[in-house]
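Visitor: Got a predicted structure plus its sequence, pasted below:
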Amino acid sequence: EMGVTSVDNLSSSGMSALKNVMNMPNTVFIFTTNNLQKIEKGVQSRSHVIHMGSAKPQQWLPICKKILADQCVVPPSDSMLLSLIAQGKGDARATIGIAQRLARRRFAEGHVLVSDTPQAQADFNISLINEVMK
């Protein structure tokens, strides 16, 4: 098995070489692309295309809230968080980056969680010190 990320970035000679290798028996290739139209028809005809939809903002909401909680910050309202998540357009890296930047901003603004348990408070204090030291 072989995986190729963003196969649409291959040059025409790379695409041609790929087609030749795809003709070999007992081989499996896994490709990813956001631009199927850039993949040569010969490569497409040798492939099984599986369209993968992106997650809706509502599906990202608990993940982003977890990122914020892990950084000891109070999340904004769901509607505000959903509007920020929508800016990621379903892209995992973009959406996680949005949540991480929001966590840093809210931490700096003082929207921090404080716990009643001594261990949680100690963990919070350590994270606060680490953030200040950055």
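Guide: Cool, the structure landed. Given the structure is predicted, the values throughout are model-derived calculations rather than measurements. Residues are numbered from 1 along each chain as shown.
Visitor: okay, CA-based contacts and neighbour counts for the rest of this
Guide: Fine.
Visitor: for the protein, which spans come out with low pLDDT?
Guide: Low-confidence segments of the chain (pLDDT under 70): 1-5, 115-118, 120-122, 124-125, 127-129, 131-134.
Visitor: now the strands for it?
Guide: Secondary structure of the chain by DSSP state E: the strands cover 2-4, 29-31.
Visitor: Next up, the contacts around the closest residue to residue 43 other than its chain neighbours.
Guide: Distances taken as Cα to Cα, 6 or more residues apart in numbering put residue 19 closest to residue 43, at 5.7 Å, once the chain neighbours are dropped. When contacts are counted by Cα atoms under 8 Å, 6 or more residues apart in numbering, residue 19 touches 42-43, 46.
Visitor: CSV please, covering the residues you listed and showing neighbour count.
Guide: Listed next are the contacts of residue 19 as CSV, based on neighbours: other Cα atoms under 10 Å:
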residue, neighbour count
42, 14
43, 16
46, 11
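Visitor: from those, which is closest to residue 31?
Guide: Within the contacts of residue 19, the smallest distance to residue 31 is 10.4 Å, found for residue 43 (Cα to Cα).
Visitor: State the distance from the closest one to residue 32.
Guide: 13 Å (Cα to Cα, to the nearest Å).
Visitor: Residue 82 now?
Guide: Going from residue 82 to residue 32 by Cα to Cα gives 27 Å.
Visitor: So between the two, which is more surrounded?
Guide: Between residue 82 and residue 32, residue 82 has the larger neighbour count (other Cα atoms under 10 Å), namely 18 against 14.
Visitor: Grab the nearest non-local neighbour of that one.
Guide: Counting by Cα to Cα, 6+ apart, the residue nearest residue 82 is residue 57, at 5.9 Å.
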